[in-house]
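*Asks:* I need the structure of the sequence given here:
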Amino acid sequence: MKKLLLLSTLAISFQLVFAQDMKKVQSTFLLNRLEEAKTEIDKVIADPKAGVKPDALYWKAKVYAAIYKDVALSAKFPNIEKDADAAVKAYTASDAALAQVKEKGAEPFFDIYGAAFGRGVKSFNEKKWD
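*Replies:* Now for the predicted structure:
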């Protein structure tokens, strides 16, 4: 009985620790501190167990897509386009029903599409057809 109680207490504490990490990501994202949100989500994703959960992958895609959308921040992170695309693909592979998107919104998809389309139009207008 004591072992069962100890095991359940440990499971609850691990769940709370993960939830607190996601709260940090969400709060920094909502405060539009995208660099801090990227740092926090990278910490969460580094954990092998938490890094494969659809919720964590959704927030990684959301943060990376928001950074890619922001012209000034995307200059700081030269590979953010590929990273954001990979994050969206990882999320869609882990959550085929797209439950997180239905619950929280499809901003990662629209941010990547809108930013890429805008950059394509700008390149076309500058006659950079390569």
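
*Asks:* For the residue most central in space within the chain, list the residues it contacts.
*Replies:* By C-alpha atoms, centre = their mean, the chain has its centre lying nearest to Lys60, at 1.4 Å. Shown in contact with Lys60 (C-beta atoms under 8 Å, 6 or more residues apart in numbering): 41, 44-45, 87, 90-91. Yep, even glycine has a C-beta here, placed from its N, CA and C like the rest.

*Asks:* which residues touch Thr28?
*Replies:* 34, 36-37, 40.

*Asks:* Tell me the one of those residues nearest Phe124?
*Replies:* Leu34 (27.5 Å; C-beta to C-beta).

*Asks:* Identify the residues contacting that closest one.
*Replies:* 28, 63, 66-67, 70, 73.

*Asks:* And it, how close does it get to Asp111?
*Replies:* 11 Å (C-beta to C-beta, to the nearest Å).

*Asks:* Find residues that contact each of these two.
*Replies:* Residues touching both Leu34 and Asp111 (C-beta under 8 Å, 6+ apart): Ala66.

*Asks:* Quick check: chain neighbours aside, which residue is closest to Val88?
*Replies:* Spatial nearest neighbour of Val88, excluding adjacent residues (C-beta to C-beta, 6 or more residues apart in numbering): Ala61 at 4.6 Å.

*Asks:* That neighbour and Lys23, how far apart?
*Replies:* 18 Å.

*Asks:* So for the two, which sits in the more crowded spot?
*Replies:* Neighbour count, other C-beta atoms under 10 Å: between Ala61 and Lys23, Ala61 has more, with 28 against 11.

*Asks:* Check the burial of Asp70 by counting its neighbours.
*Replies:* The burial count for Asp70: 17, using other C-beta under 10 Å.

*Asks:* State the distance from it to Ala116.
*Replies:* When Asp70 is compared with Ala116 (using C-beta to C-beta), they lie 14 Å apart.

*Asks:* do Trp59 as well
*Replies:* Taking C-beta to C-beta, one finds Trp59 at 21 Å from Ala116.

*Asks:* Tell me if I'm right that Met22 and Asp55 touch.
*Replies:* Yes. Counting by C-beta atoms under 8 Å, Met22 touches Asp55, with 6.5 Å between them.
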